[in-house]
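**Q** Model the following, please.
(one chain, ligands or ions: 1)
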Amino acid sequence: GWLHTAKFLTTAPELKFLPRLDVPEIAFVGRSNAGKSTCINTLTQQHRLAYASKTPGRTQSINLFTLGKQGVTDAVLTDLPGYGYAAVPKEAKYRWQKVMGNYLQTRDNLKAIVLMCDPRLGLTELDEILLDVIRPRVVEGLKFLVLLTKSDKLNKTEAAKALSIVRLQAGGGDVKLFSSLKRQGVDEVAIHLWDWAHP
Ligand code: GDP
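**A** From the prediction side, this is the model:
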């Protein structure tokens with residue numbers, strides 16, 4: 001039940017407004033509609049936690065949730081803004097790249113990144129840009145996991161194909177199938193998160 005202790009901590013438009021924290025932080029990223037909110041809600045079993053972050057005006061914010069039993073925060077879960085909406089104006093895209101770049105390159109307590117990917121799309125250009133940004137930190141020990149979401153929509157052949165394509169694209173990173181609907185991968189991801197936060 002560690003993930004079920006998740007509580008909303010704060011929201012901020014960019015890194016400089018976030019509190020500095022000295023507990024391990026795990027960030028969730030992905031294209032809009034990849035299933036990130038649903039995933040966070042499934043993992044934490046709080047069905048409105050990541051929902052609030054989707055209300056208009058807050059979509060471009062960084063949202064932090066604390067984790068920890070008996071009220072003692074031992075890790076933070078971060079919901080980073082979704083990206084890739086076709087309708088977003090150019091300035092918003094540049095702003096997103098700056099906010100994400102800043103956060104991903106310089107957030108000191110960041111220990112791990114979970115990238116949500118719709119397996120029917122594979123890693124898109126923006127996902128690849130993000131992976132390029134974090135690569136130097138992965139070399140230095142930042143953990144990174146790609147979740148192929150909504151895996152319930154794929155048959156076995158499609159799932160195997162998506163796994164092998166995205167494994168190639170991700171260049172050796174850990175890639176797993178995930179379904180909030182069928183609860184595929186939920187326990188495994190929970191174990192990863194716990195291990196990353198308690199090295
Ligand atoms: P976000 O924009 O990345 O936060 O994506 P959402 O969590 O809002 O999900 C986008 C859409 O995908 C919604 O219609 C969800 O109901 C659907 N979805 C999310 N997870 C799953 C899943 O595991 N299985 C299926 N079939 N649909 C899902």
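**Q** Please look at residue 3 and residue 46 and confirm they touch.
**A** No. Using Cβ atoms under 8 Å, residue 3 is not in contact with residue 46, being 9.2 Å away. Every residue, glycine included, has its C-beta placed from N, CA and C.
**Q** Buried residues, the helix or strand where residue 137 lies. List them.
**A** For residue 137, the enclosing helix or strand under DSSP states H and E is helix 125-139. The neighbour-count check on helix 125-139 (16 or more other Cβ atoms under 10 Å) flags 126, 127, 130, 131, 133, 134, 137 as buried.
**Q** What score does the first one have for pLDDT?
**A** With respect to pLDDT, residue 126 has a value of 90.
**Q** Contacts only, for it.
**A** The contact partners of residue 126, taken as Cβ atoms under 8 Å, 6 or more residues apart in numbering, are 31, 83, 84.
**Q** List just the nearest of those to residue 15.
**A** Looking at the contacts of residue 126 and their distance to residue 15, the nearest is residue 83, at 16.0 Å (Cβ to Cβ).
**Q** In contact with the closest one, which residues?
**A** Contacts for residue 83 were tallied using Cβ under 8 Å, 6+ apart; they are 30, 31, 32, 93, 96, 100, 126.
**Q** which of the residues in the strand or helix carrying the fourth one are buried?
**A** For residue 93, the host element (DSSP H and E) is helix 90-106. If you call a residue buried by 16+ other Cβ under 10 Å, then helix 90-106 has these buried ones: 95, 96, 99, 100, 103, 104.
**Q** Contact distance from the ligand - what residues of the protein qualify?
**A** 30, 32-38, 82, 149-150, 152-153, 179-181 (Cβ under 6 Å from any ligand atom).
**Q** Spatially central residue for the chain, please.
**A** Closest to where the C-alpha atoms of the chain average out (Cα atoms, centre = their mean) is residue 28, at 1.3 Å.
**Q** tell me what the top strand by length along the chain is packed against?
**A** When every strand of the chain is counted residue by residue (DSSP state E), the longest turns out to be strand 110-117. Helices and strands touching strand 110-117, by 3 or more Cβ pairs under 8 Å, 6 or more residues apart in numbering; DSSP states H and E, are strand 25-30, helix 36-44, helix 90-106, helix 125-139, strand 143-148, helix 186-197.
**Q** Other residues contacting the second one?
**A** Contact with helix 36-44 is made by 3-4, 6, 28-30, 47-51, 53-54, 65, 77, 79, 82, 114, 116, 147, 149, 178, 180, 183, 186, 189-190, 193, as judged by Cβ under 8 Å, 6+ apart.
**Q** now swap in the third one and tell me
**A** The contact list for helix 90-106, computed with Cβ under 8 Å, 6+ apart, reads 13-16, 18, 27, 29, 60, 62, 80-81, 83, 88, 110, 113, 129-130, 133-134, 137.
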